[in-house]
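In: got a structure for you, letters missing:
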């Protein structure tokens, strides 16, 4: 469940249902659906997701709310990345 934080407030929150996966020896993967950057009614101010760095908190939890995996990463939006 990625949560995007800009400045000091929540910009967007997404929840994806992964389904049920039985334990296996081989690695299993899950790819989230493609999504666009939040805008419009998702934000307090129109176009709030501007250039800069955003802290994203992601987690994998079950229906009972048990947190199996959590991590924080940074999304950087820039006009030009240079060469």
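Out: Yep, it's here. Small disclaimer: the values here were computed from a predicted structure and weren't measured. Numbers count the residues shown, from 1 in each chain.

In: beta partners of residue 55?
Out: Applying DSSP bridges to residue 55 gives these bridge partners: residue 5, residue 74.

In: gap between it and residue 76?
Out: 11 Å (C-beta to C-beta, to the nearest Å). Just so you know, the C-beta spots here come from the backbone N, C-alpha and C atoms, and that holds for glycine as well.

In: if you count what's nearby, which of the two comes out ahead?
Out: residue 55 (12 against 9; other C-beta atoms under 10 Å).

In: There's contact between the more buried one and residue 72 in this structure, I believe.
Out: Yes. Between residue 55 and residue 72 there is a contact at 6.2 Å, judged by C-beta atoms under 8 Å.

In: Could you pull out the helices in this protein for me?
Out: Counting by DSSP state H, the chain has no helices to list.

In: And the strands in it, which stretches?
Out: 3-6, 9-13, 52-61, 67-77 (DSSP state E).

In: Need those strands in CSV (columns: distance to residue 25).
Out: Output for those, formatted as CSV (distance: least, C-beta to C-beta, whole Å):
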stretch, distance to residue 25
strand 3-6, 33
strand 9-13, 34
strand 52-61, 20
strand 67-77, 19
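
In: Determine which of the ones you listed approaches residue 35 most closely.
Out: When the strands of the chain are compared by C-beta to C-beta, strand 9-13 sits nearest residue 35, at 9.2 Å.

In: Quick one: mean pLDDT over that closest one.
Out: With pLDDT averaged residue by residue, strand 9-13 scores 70.
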